[in-house]
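Undergrad: what follows is a predicted protein model with its sequence.
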Amino acid sequence: MDAKDFYGIYRDLAEQLGVETTIRIYKHLHGLQITFPVKLYSKSYIEKQIKE
């Protein structure tokens, strides 16, 4: 089994994260709609980095 065997977004995930991780994500989250925020880091983390 490789990335080409997956459908849609799962193919993208398999290409980037690997087949095993994609299957784990599917088993845990399938059927849910997920939106990822534009910002990756928290405000407190950014402030801490600036202070350092």
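TA: Great, that's in hand. Note that the structure is a prediction, hence the values are computed from the model and not measured.

Undergrad: residues touching Ala3, list them.
TA: Arg11, Ala14, Glu15, Val19 (Cβ atoms under 8 Å, 6 or more residues apart in numbering). No exception for glycine: its C-beta is placed from N, CA and C like everyone else's.

Undergrad: between the residues you listed, which sits nearest Gln33?
TA: Arg11 (17.9 Å; Cβ to Cβ).

Undergrad: right, and that closest one touches Lys4 too?
TA: Yes - using Cβ atoms under 8 Å, Arg11 makes contact with Lys4 at a distance of 6.9 Å.

Undergrad: and the two? which has more neighbours close in?
TA: Arg11 (15 against 8; other Cβ atoms under 10 Å).

Undergrad: leaving out sequence neighbours, find the closest residue to Glu15.
TA: Closest residue to Glu15 apart from its sequence neighbours, by Cβ to Cβ, 6 or more residues apart in numbering: Ala3 at 4.4 Å.

Undergrad: do you know how far that neighbour is from Thr35?
TA: Using Cβ to Cβ, to the nearest Å, Ala3 is found at 23 Å from Thr35.

Undergrad: also Asp5?
TA: Separation of Asp5 from Thr35 (Cβ to Cβ): 26 Å.

Undergrad: for the chain, which helix is longest?
TA: helix 19-29 (DSSP state H).

Undergrad: what residues sit buried inside whatever helix or strand comes next after it?
TA: Sequence-wise, the next helix or strand downstream of helix 19-29 (DSSP states H and E) is helix 43-51. By 16 or more other Cβ atoms under 10 Å, helix 43-51 has no buried positions at all.

Undergrad: same thing with stretch 11-24?
TA: Burial within stretch 11-24, assessed by neighbour count using 16+ other Cβ under 10 Å, is assigned to Leu13, Ala14, Val19, Thr22.

Undergrad: that one: end-to-end distance?
TA: Distance across stretch 11-24, first residue to last, is 14 Å (Cα to Cα, to the nearest Å).
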